[in-house]
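Chemist: Let me see the structure of the following:
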Amino acid sequence: MISIYKTLDETGTLQAIDTIESGCWINIVAPSDEDLLLISKKTGVSLDYLKAALDEEETSRIDIEDNNLLVIVDIPFTEMEDNSLTYDSYPLSIIHTDSTIITVCLKNSKILTDFIDGKVKSFFSFKRSRFILQILYRIASYYLLYLRQIDKKSVMIEQKLHKSMKNKELIQLLSLEKSLVYFSTSLKANEITLEKMLKLELLQKYPEDQDILEDVIIENKQAIEMANIYSNILSGTMDAFASVISNNLNIVMKLLASVTIVMAIPNIVFSSFGMNVNGIPFSNNPMGFWLAYGIAALACVLPIIILRKKGLF
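Modeler: Presented below is the predicted three-dimensional model:
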């Protein structure tokens, strides 16, 4: 899907247009080969640049060719999987040309949607270098947002684990830990790219742009630290609650064993009175049935007292 936008006046009003013009923003999401070929012919950008972000394993990097700047960064995504919200990252390519900005991604991202919906202040499609920095800042902000969500979800799952003996909660924590690993890896790759961008003259034309890039680097480093802290906490929590679940199971098994011992005593008594031989006690007594039950009940009292004193009942 190809969408073309342009800021038409100094008020920052972004409008969709039908043709590629100078100062426009071309947003490409999950494109076909025909879409990429069309954009390549219209803008002069090589197909290798346009296809770079379509590989999920593409790492964050910077490349310059024919006055076209390619910036690939990993951006965070949320997805629904098995009725649970999962987190992952995908590459986004930003291509800076002499007249346009092109973004390419496999999936539609909230980061770019915020620009389309006017949620980003002081955004102008024709300020191409500033636009790149604003995207990078938005990416770092969403990483921090999703990391806080992961932390809150882990706390909620921990509360359920206190009384749980199932694997469901542990699997959910494992999914969150895997998301943190993805985020940490992507953020570290982005950090290297951002450090390289500090050396680009294109992004240092204006002092404000350099300040924004430095803010992006600070936000990215903060996100890396948060991801590492949450990952360590979550790893320790999973180990602790795995032991808790095992301990809960042991308590239940201990109780069942105690109940089995107590219930075995009446079975012995009733088996003795049920033997088909002469001379069974109380066989001629009208209250013999209840006397046998009384003996069985009294025989259960002593083991119950002993088990309770030992904390086994």
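Chemist: distance between the ends of stretch 160-172?
Modeler: Its start and end residues considered, stretch 160-172 measures 11 Å (Cα to Cα, to the nearest Å).
Chemist: Give me the mean pLDDT for it.
Modeler: Stretch 160-172 shows a mean pLDDT of 71.
Chemist: Stretch 109-121 now?
Modeler: For stretch 109-121, the per-residue pLDDT averages 85.
Chemist: now stretch 73-85
Modeler: Stretch 73-85 comes out at a mean pLDDT of 78.
Chemist: Which parts of the stretch 201-313 of the chain are helices?
Modeler: 207-273, 288-309 (DSSP state H, counting those that start in this stretch).
Chemist: Export those as CSV, with columns for distance to S186 and mean pLDDT.
Modeler: For the C-beta atoms, the positions are set from N, CA and C on the backbone; glycine is no exception. Converted to CSV, the helices of the stretch 201-313 of the chain look like this (distance: least, Cβ to Cβ, whole Å; pLDDT from 0 to 100):
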stretch, distance to S186, mean pLDDT
helix 207-273, 9, 81
helix 288-309, 56, 76
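Chemist: how about the ones you listed, which one is nearest S40?
Modeler: With Cβ to Cβ, the closest approach to S40 among those belongs to helix 207-273: 28.1 Å.
Chemist: ok, and for stretch 260-273, which residues are buried?
Modeler: I261, V262, I265, P266, V269, F273 (16 or more other Cβ atoms under 10 Å).
Chemist: do stretch 295-311 as well
Modeler: I295, A296, C300, P303, L307.
Chemist: L69: which element?
Modeler: With secondary structure defined by DSSP states H and E, L69 is part of strand 68-81.
Chemist: Just checking: what are the partner strands of that strand?
Modeler: Using DSSP bridges, strand 68-81 pairs in its sheet with strand 61-65 (antiparallel), strand 84-96 (antiparallel).
Chemist: which of those sits most buried?
Modeler: Comparing the strands paired with strand 68-81 by mean neighbour count (mean count of other Cβ atoms under 10 Å), strand 84-96 ranks first with a mean of 20.
Chemist: Tell me the first helix or strand C-terminal of that one.
Modeler: Strand 84-96 is succeeded, C-terminally, by strand 101-105 (DSSP H and E).
Chemist: I'd like the average pLDDT over that next one.
Modeler: 91.
Chemist: Quick check: can you name the pairing partners of that strand and their directions?
Modeler: Here, using DSSP bridges, strand 101-105 pairs with strand 24-29 (parallel), strand 84-96 (antiparallel).
Chemist: Out of the strands paired with strand 68-81, flag the one nearest P31.
Modeler: It's strand 84-96; of these, that one is closest to P31 (Cβ to Cβ) at 11.3 Å.
Chemist: before we move on, the earlier item: can you show me the CA trace of the strand holding L69 as CSV?
Modeler: Once non-C-alpha atoms are left out, strand 68-81 reads as follows in CSV (Å, rounded to 0.1, in the frame of the first residue of the first chain):
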residue,chain,number,x,y,z
ASN,A,68,20.1,9.1,-1.0
LEU,A,69,20.4,8.4,2.8
LEU,A,70,19.0,5.1,4.0
VAL,A,71,18.3,4.7,7.7
ILE,A,72,17.0,1.4,9.0
VAL,A,73,15.8,1.1,12.6
ASP,A,74,13.9,-1.5,14.6
ILE,A,75,10.5,-0.2,15.8
PRO,A,76,8.3,-1.8,18.4
PHE,A,77,5.0,-3.5,17.6
THR,A,78,2.1,-5.0,19.6
GLU,A,79,0.2,-8.0,18.3
MET,A,80,-2.7,-10.2,19.6
GLU,A,81,-1.7,-13.9,20.0
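Chemist: quick one: buried residues of it?
Modeler: Those would be N68, L69, L70, V71, I72, V73, D74, I75, P76, F77, for strand 68-81 by 16+ other Cβ under 10 Å.
Chemist: picking up where we left off before, possible to save the strands paired with strand 68-81 as JSON lines with distance to F183?
Modeler: Output for those, formatted as JSON lines (distance: least, Cβ to Cβ, whole Å):
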{"stretch": "strand 61-65", "distance to F183": "18"}
{"stretch": "strand 84-96", "distance to F183": "6"}
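Chemist: how does the protein divide into domains?
Modeler: The chain breaks down into these domains under automatic domain parsing: 2-247, 248-309.
Chemist: Just name the most buried of those.
Modeler: domain 2-247 (a mean of 17).
Chemist: got the end-to-end distance for that one?
Modeler: OK, domain 2-247 end separation, Cα to Cα: 56 Å.
Chemist: related to what we said a few turns ago, for the strand holding L69, what is the distance to the chain centroid?
Modeler: Taking Cα atoms, centre = their mean, to the nearest Å, one finds the center of strand 68-81 at 15 Å from the center of the full chain.
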